[in-house]
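> how would this look folded up:
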Amino acid sequence: MMSLKAETMEADRNLETDVEPKEHYCDVCATSFSRRSSLMRHIIIHTKKKPHLCELCGARFAFKAKLKQHLMLTHANDKPYSCRKCNDSFLDKTSLRDHMAMHSKEKHHRCSVCGSFFLKKSYLALHMRSHTGEKPFSCETCGSCFSRKSNLTDHKRTHSGERPFSCGICGSSFSQKSHLNGHVRTHNEERPFSCDICSSSFLLKSYLVQHMRVHTGERPFACSLCSSTFSQKAHLIGHLRRHAGIKPYSCELCNACFVQKSDLTRHIQTHTGLKPFCCEVCGSCFAQKSCLIEHVRTHTGEKPYFCKVCCVSLSRKSYLLEHERKHSGYKPYSCGVCGSSFLRNSDLGVHMRVHTDERPYTCEICGSSFKQNSHMLGHRRKHSHLKSSSSTNISCDTDTTAQIQTIKTAECKI
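Residues are numbered from 1 along each chain as shown. Purely as a prediction, here's the structure:
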């Protein structure tokens, strides 16, 4: 959790513009700064003073941020300072003190649009951009715009490949500090953000926010090309790629291409054959954890996804999306040959065989082939009927062969 003071400094930096004059100079190295406070922090480098003491091990640091990083990486499991009101624990006294200020509810700055209150005027200024849509910070490389300077800084690393935040335990590096914080929790198995409805817990607060939309049904990301809406921005981006026919992720083993990186990850597991996620009830194993979770619902009977129109409950999110299309009449899968539209991609695949004349289902008895599995199964029942007839002493090999040939000739026309 970022301390209140750190958040204030971050907000102040976000409000700072790139054109602000740098009037404060370091006498030692001549580096210039736009604020005197920034200069004073810089001077500490030259004095070699380390005023920030770790109360747990005695280590000293020149900057408070370095002390906090040390506490998180070295003493991640030691949180000796606890809040008396909510029992949250913290690494240092400063974080506890800032946390206690949150309980005081001294938020004097009110948003005139939505009524939200903020501790600092700078917080309110940042919040107002969510209403105005103002994004004053733009990327010189790709033109993307952001409401906060810190978001632009994070974005620039996607171009440069810079990963300045390193894990002191395993050496993994990250482009954002929040990603490092979430990673560190994987080492100590900490999941501090919990859902009040189903008790699921998460490494990052953003994961919890996404999860809550499962319960609320909120889908804030809308496609500008069709009526589809999504609970996550990443899902909308993947959806837009489907409209455009873009598949940027390719498999190095078979050259198959995919819209989303997660689709490629799932595909690669088909090459490895690994199925590390096993059901404790029946022993079935799966390549992905999400598949195991869906499978477990066949044992528990849980159906967490509800249709807002008819209140029917379903066990899988994909089932809910498909079901909702029946109410809306939306058919996203279109035939490029004749323009026919379908609810499911599988239905489109079956339809395409009308144009290609592909017949992937073959009868093992007589070799007849069919476009649909249901047609092949119906055909095989006729073989079973002939076999049962022959068992009642109407067994004439010549006649039976003739009947099979008649069936084969008639159904090849299907």
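> what about the helices in the stretch 51-200 of the chain?
Taking DSSP state H, counting those that start in this stretch to define them, one finds helices in the stretch 51-200 of the chain at 64-74, 93-104, 121-132, 149-160, 177-188.
> quick one, which of those helices is nearest to residue 261?
Across these, residue 261 has its closest neighbour in helix 149-160 (13.7 Å, CB to CB). Yep, even glycine has a C-beta here, placed from its N, CA and C like the rest.
> so where's the stretch 51-200 of the chain shaky on pLDDT?
Counting by pLDDT under 70, the stretch 51-200 of the chain shows low-confidence ranges at 72-78, 91-92, 98, 101-107.
> now do the stretch 251-400 of the chain
For the stretch 251-400 of the chain, applying pLDDT under 70 flags the ranges 386-400.
> please repeat the previous calculation with a cut-off of 80.
Residue ranges of the stretch 251-400 of the chain with pLDDT under 80: 384-400.
> what segments of it are helices?
Going by DSSP H, counting those that start in this stretch, the stretch 251-400 of the chain shows helices at 261-272, 289-300, 317-328, 345-356, 373-390, 397-411.
> what number of residues lie near the closest residue to residue 307 other than its chain neighbours?
Nearest residue to residue 307, sequence neighbours excluded (CB to CB, 6 or more residues apart in numbering): residue 323, at 5.7 Å. A total of 16 residues lie near residue 323 under the criterion other CB atoms under 10 Å.
> next one: residue 120
Using other CB under 10 Å, residue 120 has 16 other residues around it.
> same question, residue 147
Quick note: residue 147 (other CB under 10 Å) scores 19 neighbours.
> just give the closest residue to it, not the sequence neighbours.
Nearest to residue 147 is residue 129, by CB to CB, 6+ apart, at 4.2 Å.
> same check, this time on residue 31
Sequence neighbours aside, residue 42 is the residue nearest to residue 31 in space, at 6.4 Å (criterion: CB to CB, 6+ apart).
> okay but the one you found is in contact with residue 30, surely?
No - the criterion here is CB atoms under 8 Å, and residue 42 misses it with residue 30 at 11.3 Å.
> more crowded one of these two?
Applying other CB under 10 Å to residue 42 and residue 30 shows that residue 42 carries more neighbours, namely 16 against 7.
> so what secondary structure elements neighbour whichever strand or helix holds the more buried one?
In this assignment (DSSP states H and E), residue 42 forms part of helix 36-47. Contact analysis of helix 36-47 by 3 or more CB pairs under 8 Å, 6 or more residues apart in numbering; DSSP states H and E lists strand 24-25 as its packing neighbours.
> and the strand it packs on, which strands flank it?
When pairs are called by DSSP bridges, strand 24-25 turns out to pair with strand 32-33 (antiparallel).
> show residues contacting the partner strand.
22-26, 39, 42 (CB atoms under 8 Å, 6 or more residues apart in numbering).
> now it: mean pLDDT?
Mean pLDDT, strand 32-33: 80.
> wait, residue 291 touches residue 278, no?
No - counting by CB under 8 Å, no contact exists between residue 291 and residue 278, whose distance comes to 11.1 Å.
> ok, residue 331 touching residue 343?
Yes - assessed by CB under 8 Å, residue 331 is found in contact with residue 343 at 5.5 Å.
> more neighbours: the two, which one.
More neighbours surround residue 343 than the other of residue 331 and residue 343, with 17 against 14 (other CB under 10 Å).
> name the nearest residue to the more buried one, sequence neighbours excluded.
Spatial nearest neighbour of residue 343, excluding adjacent residues (CB to CB, 6+ apart): residue 325 at 5.1 Å.
> and the one you found, what does it touch?
Contacts of residue 325 by CB under 8 Å, 6+ apart are 331-332, 343.
> including distance to residue 96, could those go into JSON lines?
Below are the contacts of residue 325 laid out as JSON lines (distance: CB to CB, whole Å):
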{"residue": "331", "distance to residue 96": "56"}
{"residue": "332", "distance to residue 96": "51"}
{"residue": "343", "distance to residue 96": "55"}
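> for stretch 315-329, buried residues please.
Using 16 or more other CB atoms under 10 Å as the test for burial, stretch 315-329 gives 315, 319-321, 323-325.
> let me redo that: stretch 220-239
221, 228, 230-231, 235-236, 238-239.
> kindly reformat these as TSV containing pLDDT.
Conversion of those to TSV gives the following (pLDDT from 0 to 100):
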residue	pLDDT
221	87
228	83
230	87
231	86
235	85
236	88
238	85
239	87
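> so which of these belong to strands?
Counting by DSSP state E, those place 221, 230 in strands.
> distance to residue 308 for the buried residues of stretch 220-239 - can I get that in a markdown table?
Shown next, in a markdown table, are the buried residues of stretch 220-239 (distance: CB to CB, whole Å):
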| residue | distance to residue 308 |
| --- | --- |
| 221 | 17 |
| 228 | 15 |
| 230 | 15 |
| 231 | 14 |
| 235 | 18 |
| 236 | 20 |
| 238 | 23 |
| 239 | 20 |
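> which one among the buried residues of stretch 220-239 gets closest to residue 304?
Distances from residue 304 to the buried residues of stretch 220-239, taken by CB to CB, are shortest for residue 231, at 13.5 Å.
> measure the residue nearest to residue 307 to residue 216 for me?
18 Å (CB to CB, to the nearest Å).
> for residue 182, grab the count of nearby residues.
Neighbours of residue 182 under the rule other CB under 10 Å: 20.
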